[in-house]
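Undergrad: structure of the sequence below:
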Amino acid sequence: MKKLLVLVAIFTVICSSAFAQRPETELNKIQVYVSENSTNAKVTTAVGVTTIYPGIDRILGVQVWVLDTATASERIVALYDNSAVDATTTTLFGECEAETGNSPAEIWYPYPRKLDTGLIIAQGANTRVIVYYTRY
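TA: Below is the predicted model of the structure:
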């Protein structure tokens, strides 16, 4: 009987640690991911799945800024729910384009957008992209 109680206690400890929640400091706070492109060409970036977690993190919105108004820029950003850099339009879930000047363009989702496979950011030349997300 003692052996059975010890096994139940060990099993309880193992199961409770396996289903432990993430620290409260990470949950439900707005976090940012910044991607800069100072080149003269469009760049596509795959965000690591250990930075923005598919299935756990939710995208709240995105902004695109011009890095240097004196330099030619393509003020666009597109977000894809994909794990490959050669993302297709079928996985596109958000895009926006900034007008001339130094003002940013932004898009905010009325409900946080869940990622299934990963986040791909396609951004124009001479831009800074800020992705806002939260961890559930």
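Undergrad: what's the burial count for the nearest residue to Lys114 once chain neighbours are set aside?
TA: Distance criterion C-beta to C-beta, 6 or more residues apart in numbering; nearest residue to Lys114, sequence neighbours excluded, is Arg58 at 5.5 Å. All C-beta spots, glycine's among them, are computed from the backbone N, C-alpha and C. By other C-beta atoms under 10 Å, the residues close to Arg58 number 18.
Undergrad: may I ask which helix or strand encompasses Arg58?
TA: strand 57-66 (DSSP states H and E).
Undergrad: and the contacts of that strand?
TA: If you take C-beta atoms under 8 Å, 6 or more residues apart in numbering as the criterion, strand 57-66 is touched by 30, 52, 73, 75-77, 79, 93-94, 96-98, 101-102, 104-109, 112-115, 119, 123-124, 126-136.
Undergrad: buried subset of these?
TA: Buried members of the contacts of strand 57-66, scored by 16 or more other C-beta atoms under 10 Å, are 52, 73, 75-77, 79, 94, 96, 98, 104-105, 113, 115, 119, 123-124, 126-135.
Undergrad: average pLDDT for whatever helix or strand Glu36 lives in?
TA: Here Glu36, judged by DSSP H and E, is contained in strand 30-37. Averaged over strand 30-37, pLDDT sits at 94.
Undergrad: by contact count, what packs against the very next helix or strand once past that strand?
TA: The helix or strand immediately downstream of strand 30-37 is strand 43-47, counting by DSSP H and E. Applying 3 or more C-beta pairs under 8 Å, 6 or more residues apart in numbering; DSSP states H and E, we find strand 43-47 packed against strand 30-37, strand 119-123.
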